[in-house]
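Asker: My questions concern the predicted model and sequence given below.
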Amino acid sequence: MGRTNKKAARKPAKKEKATSATATDVPSLLDKANVLLAQSNFELAIKFLERALELEPANPEARELAGVAELEGGDVDRGREHLLRLFPPHAPANPDTPSPYLYLAQTAEGPEEALGYYSTATAMIENLLKGKGRAGEIDETELRKMAITAIVAMIEIWMSDLCFEDAASSNCDGLIARALSISPNDPEALMTLASIRMSQSKFVEAKEVVLRLYRDMEGRDPFDPMLPPLPVRLQFTRLLLEHGLHMEALDVITTGREEDSLEVESAYLEGWTWHLRADALEEAPPQNWADMDDDEEPMNADECYAESLRALLEAAKLFTEQEYPDEGIGSHLQELIQGLQKRGVKPAVHAVEDEEEEDGDVDMA
């Protein structure tokens, strides 16, 4: 990313003028940078922030925003350089807000470094929730979500990079208990709890947690504000599939399809779920399935395969049109589609109803 060299920029002739310009210009520059960051215009935001740092090199907000802009723009080294300048010896004391620690944790060079930053950030957030310290413009709901995100990230480190450490399992237990004490019903925390129990071979407990979370989502409208964000629901769909809960997974993924019909992963997961459902129906007669309603005629395996191919073909089309970057999804899509086509499966066709055009009577008023 190209940057303008500001070293040769003209400075005010007198110190008094510099002070006056700083007082009026830096807040304006920061406001403009914040707007540009919200628009994902990182390159232009960086230029405004570089100007702000020329005027006030020690301004912590400008320094942090510059680090964030560089990170979001793809220059990790430059972003870390800005963020580290918020710490001694470049600054008189460590930052008193959690966000610099969280950003540095995400770009850490090793798991231990990441754990250190995440741990510090989490402790700071917990103190803010107890009324200790200055939360600034961060409200309590956002603080709790920041804490959950940090704790879940630490658990993921213990379950991946440090999974062979003797203390891994006990540390995960302690961390998830900490997360649930902060936000007992947080979907991300509950999904992490289920993953921990799976890794500990406590499968019954894991499934109980998954079903508890599903019950909180069951029957909700796709745009219900009480539903978790779409990325969380996609992750939860995968978790439901791990437990063989196909109908529950379809229920959840349907809310995602209705919310964003162009989302590649939603379409892919719908097709994959129908495929798994069909496979299961081939292995067991429908009358033996406990999740069938007595007054509902169950779909057979062939019908489920047809629904699967419909969704998978749609996902493949979206994948190509959007140049979707996940090659794993792309290859699995092709594998599933080719397998169904070799079986002679035809994609399901859904009738489209248009009440306005029924009988050719269209109100043009």
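Answerer: Okay, I see it. Numbers count the residues shown, from 1 in each chain.

Asker: distance between stretch 228-246 and the chain's centre?
Answerer: The chain centroid and the centroid of stretch 228-246 are separated by 13 Å, computed with C-alpha atoms, centre = their mean, to the nearest Å.

Asker: For burial, what's the neighbour tally of residue 181?
Answerer: Taking other C-beta atoms under 10 Å as the criterion, the count of residues near residue 181 is 11. The C-beta positions use only the backbone N, C-alpha and C, and glycine is treated the same way.

Asker: Show the contacting residues for residue 209.
Answerer: Applying C-beta atoms under 8 Å, 6 or more residues apart in numbering, we find residue 209 in contact with 190, 193, 194, 197.

Asker: In the protein, where is pLDDT below threshold?
Answerer: Scanning the chain for pLDDT under 70 picks out the ranges 1-24, 133-137, 285-297, 351-365.

Asker: Report the residue ranges of every domain in it.
Answerer: With domains defined by automatic domain parsing, the chain comprises 23-95, 105-179.

Asker: Not counting sequence-adjacent ones, nearest residue to residue 105?
Answerer: Once flanking residues are discounted, residue 105 sits nearest to residue 117: 3.6 Å by C-beta to C-beta, 6 or more residues apart in numbering.

Asker: Just to check, that neighbour is in contact with residue 104?
Answerer: Yes: look at residue 117 against residue 104 with C-beta atoms under 8 Å: they come within range, at 4.8 Å.

Asker: Mind listing what's buried along the host helix or strand of residue 205?
Answerer: Element membership of residue 205, judged by DSSP states H and E, is helix 203-217. In terms of neighbour count (16 or more other C-beta atoms under 10 Å), helix 203-217 has its buried residues at 206, 207, 209, 210, 213, 214, 217.

Asker: what's the next secondary structure element after that helix?
Answerer: With elements assigned by DSSP H and E, the helix or strand that comes after helix 203-217 is helix 230-242.

Asker: returning to what we had before: mind checking the domains of the chain for the one nearest to residue 274?
Answerer: Evaluated with C-beta to C-beta, the domains of the chain place domain 105-179 nearest to residue 274, the distance being 29.5 Å.

Asker: Output the helix or strand hosting residue 330 as CSV - backbone C-alpha positions only.
Answerer: When secondary structure is defined using DSSP H and E, the element that contains residue 330 is helix 327-342. In CSV, the C-alpha atoms belonging to helix 327-342 read as follows (Å, rounded to 0.1, in the frame of the first residue of the first chain):
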residue,chain,number,x,y,z
GLU,A,327,-11.3,-23.6,-1.8
GLY,A,328,-12.4,-26.2,0.7
ILE,A,329,-16.0,-25.4,0.2
GLY,A,330,-15.5,-25.2,-3.6
SER,A,331,-14.0,-28.6,-3.9
HIS,A,332,-16.6,-30.2,-1.6
LEU,A,333,-19.4,-28.6,-3.6
GLN,A,334,-18.0,-30.2,-6.8
GLU,A,335,-17.6,-33.6,-5.1
LEU,A,336,-21.2,-33.6,-3.8
ILE,A,337,-22.7,-32.4,-7.1
GLN,A,338,-20.9,-34.9,-9.2
GLY,A,339,-21.8,-37.7,-6.8
LEU,A,340,-25.5,-36.8,-6.9
GLN,A,341,-25.5,-36.4,-10.7
LYS,A,342,-23.9,-39.8,-11.1
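
Asker: what does that helix contact?
Answerer: Under the criterion C-beta under 8 Å, 6+ apart, residues 264-265, 268, 271-272, 275, 305, 308-309, 312-313, 315-316, 319, 324 lie in contact with helix 327-342.

Asker: ok, the residue nearest the centre of the chain to residue 263 distance?
Answerer: With distances taken as C-alpha atoms, centre = their mean, the residue of the chain nearest its centroid is residue 231 (5.1 Å). Distance from residue 231 to residue 263, counting by C-beta to C-beta, to the nearest Å: 10 Å.
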